[in-house]
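**Q** Sequence first, then the predicted structure, then my questions.
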Amino acid sequence: MKDVHYHQSDPKKRARLRWRSRRGLLENDLILTRFLDANEEKLTDVEVEALTKLLELSDNDLMSLMLEKSEPEGDLDSPSVHALIRKLRSA
């Protein structure tokens, strides 16, 4: 079984993830900030990888996913991304 390492062990990575979570759309910024405030210290490397993939999306595509207007497709259509989106939607 693969060891799970927690992202909070590296303050630089944590700060970089939080900085990347700042978005042009205020709604995205609020959701991501609220999510990180509540979950940042508990994120696993798998969740951080899923979030990193989501942060590569445009603001509009990310917002559509979080508001359940669309579902992950292509490279984003993975169990880890789906699980993270569920957490974001409940943030």
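**A** Perfect, thanks for sending it. Given the structure is predicted, the values throughout are model-derived calculations rather than measurements. Numbering: from 1, shown residues only.
**Q** Which positions within the helix or strand where Ala50 lies qualify as buried?
**A** Assigned by DSSP states H and E, Ala50 belongs to helix 45-55. For helix 45-55, the neighbour count (16 or more other Cβ atoms under 10 Å) marks Val46, Glu47, Val48, Glu49, Ala50, Leu51, Lys53, Leu54 as buried. In short, each C-beta sits where N, CA and C put it, glycine included.
**Q** name the helices or strands packed onto that helix?
**A** Here helix 45-55 touches helix 11-20, helix 59-66, helix 79-89, going by 3 or more Cβ pairs under 8 Å, 6 or more residues apart in numbering; DSSP states H and E.
**Q** Compare those helices and give me the one nearest Leu32.
**A** Smallest distance to Leu32 across these (Cβ to Cβ): 7.5 Å, for helix 79-89.
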